[in-house]
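**Q** model this:
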Amino acid sequence: MTGHYDDSGFVPLNIAVLTVSDTRTAETDKSGGVLQQGVVEAGHRLMEKVIVKDDVYQMRAVFSRWIADPEVHVIISTGGTGIAGRDSTPEAVMPLLDKPIEGFGELFRAISMEEIGASAIQSRAIAGLTNQTLIFCLPGSTGACRTGWSKILQPQLDHRTRPCNFAQMFRA
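**A** As a prediction, the model looks like this:
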């Protein structure tokens, strides 16, 4: 596809990070810190980082605010994707999505299988597109955030990744 890609260099995206936890604070939020560090080190703009309780309605309020903000291109959340008691991130996010990206969860679990074995089956990592905002929901462990960021999100949020990437939709 001649002319399909622009190799003018890296193009930063505006990314918001949400930690879903009933116990973490700004001081103890290592998973959110991994994502924040990855976003900044990759050259993207961190729009905001928030910690919210594992409550469907509190999560939806934050997600909805960012989805409605035309300046936010990408939302990455960590936590609440398991199967334990209050884990409810997928339930909070799925109704907000216009287009689910099933391949994200599938790829995340496949990569995780190599790292943590059959325990990967317990991940309910999801992603989708809504109001031209990409949403990626990762598990709450720092290892899962490192894996999701380095092996999927970082390359897919760089318009130079071939043959295609998510960042292309934000190119002028």
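**Q** Please make it C-alpha for all contacts and neighbour counts, starting now.
**A** OK.
**Q** Low-confidence ranges, this protein, go.
**A** Scanning the chain with the threshold set as pLDDT under 70 gives 1-8, 171-172.
**Q** show me the biggest helix of it in terms of residues.
**A** The longest helix of the chain (DSSP state H) is helix 102-116.
**Q** by how many degrees do whatever helix or strand comes next after that helix and helix 102-116 diverge?
**A** The helix or strand immediately downstream of helix 102-116 is strand 126-130, counting by DSSP states H and E. Going by axes from the mean of the first three to the mean of the last three Cα atoms, to 10 degrees, strand 126-130 is angled at 150 degrees with respect to helix 102-116.
**Q** ok, and residue 32, which helix or strand is that part of?
**A** Going by DSSP H and E, residue 32 is in helix 30-42.
**Q** Which residues does that helix contact?
**A** Helix 30-42 is contacted from outside by 15, 17-19, 45-46, 49, 76-78, 140-142, 145-146, 149, 154, using Cα atoms under 8 Å, 6 or more residues apart in numbering.
**Q** Repeat the analysis, applying 6 Å as the threshold.
**A** 19, 141, 142 (Cα atoms under 6 Å, 6 or more residues apart in numbering).
**Q** List the buried residues for that helix?
**A** The neighbour-count check on helix 30-42 (16 or more other Cα atoms under 10 Å) flags 30, 31, 32, 33, 34, 35, 36, 38, 39 as buried.
**Q** With just CA atoms, put that helix into CSV.
**A** The C-alpha coordinates for helix 30-42 follow below in CSV (Å, rounded to 0.1, in the frame of the first residue of the first chain):
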residue,chain,number,x,y,z
LYS,A,30,2.7,-0.4,41.4
SER,A,31,0.7,-1.7,38.4
GLY,A,32,-0.6,1.8,37.5
GLY,A,33,2.9,3.0,38.0
VAL,A,34,4.2,0.5,35.5
LEU,A,35,1.6,1.7,32.9
GLN,A,36,2.3,5.4,33.7
GLN,A,37,6.0,4.8,33.3
GLY,A,38,5.6,2.9,30.0
VAL,A,39,3.3,5.6,28.6
VAL,A,40,5.8,8.4,29.5
GLU,A,41,8.9,6.6,28.5
ALA,A,42,7.4,5.7,25.1
